[in-house]
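>>> I would like the atomic coordinates for the input below:
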Amino acid sequence: MHSVGHRANSLLTSAVTILAFTCMFASFSDTFNRPNPTVDIKVVSFDGLTKSKDGDDGVSMTLKVEANLQSLFTWNTKQVFAFIAAEYETPQNSINQISVWDLIVESKDDAVIQTTFRNKYPIFDQGSNLRGREFNLTLHWHVMPKTGMMFTGLIIIPGHRFPDKYT
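Residues are numbered from 1 along each chain as shown. Below you'll find the predicted structure:
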């Protein structure tokens, strides 16, 4: 007969093998999910365009966001990190991204977002590059699974312009 140690080793090896295959299946099953989140971001108002004593531009704005991120959730999703960035080009940099809002969504029920807010983080640019500049508002998301690889995505809402005059 087999010893207790041999039986424990056999049992542990079987349990770890089953757990590994379960994790691989969970990760693999996410490859078939084709999420189609929807988002609408509108600039309600610009609450000010200022110039600091160092010459840097700063903007404050109020945004209205309506988003449905429920399709990002599967049985393997732990949480979704979503954030909105203002993106624009300057002569010095081909892309500038400034995060204006973020949210951690922990359940599918909380993934329908309807909110109006003032930018959560200040928008500053080193130099006088914001005045009258066109920009995009982009919703980025990072899906964090319980097991497997994290995936990301984004939706770009183009056609916005910073104010032309300082307040």
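
>>> going forward, measure contacts between C-alpha atoms and count neighbours the same way
Will do.

>>> Helices of this structure, start to end?
With DSSP state H applied, the chain shows helices at 4-29, listed in chain order.

>>> any low-confidence regions in this structure?
1 (pLDDT under 70).

>>> one more time with 80, if that's ok
1-2, 23, 26-32 (pLDDT under 80).

>>> residues in contact with Ile84?
99-102, 137-140 (C-alpha atoms under 8 Å, 6 or more residues apart in numbering).

>>> In strands only, show me those.
Counting by DSSP state E, these place 99-102, 137-140 in strands.

>>> Any chance of the contacts of Ile84 in TSV with neighbour count as columns?
Shown next, in TSV, are the contacts of Ile84 (neighbours: other C-alpha atoms under 10 Å):
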residue	neighbour count
Ser99	19
Val100	19
Trp101	18
Asp102	17
Leu137	24
Thr138	20
Leu139	24
His140	17
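
>>> nearest to Pro158, of those residues?
Leu137 (6.4 Å; C-alpha to C-alpha).

>>> Identify the bridge partners of the closest one.
Beta bridges link Leu137 to Ala86, Ile157, judged by DSSP bridges.

>>> Need the max-distance pair from the contacts of Ile84.
Asp102 and Leu137 (12.8 Å).

>>> looking at it, Thr167 is touching Phe46, isn't it?
No - the pair Thr167 / Phe46 is not scored as a contact, 10.1 Å apart, by C-alpha atoms under 8 Å.
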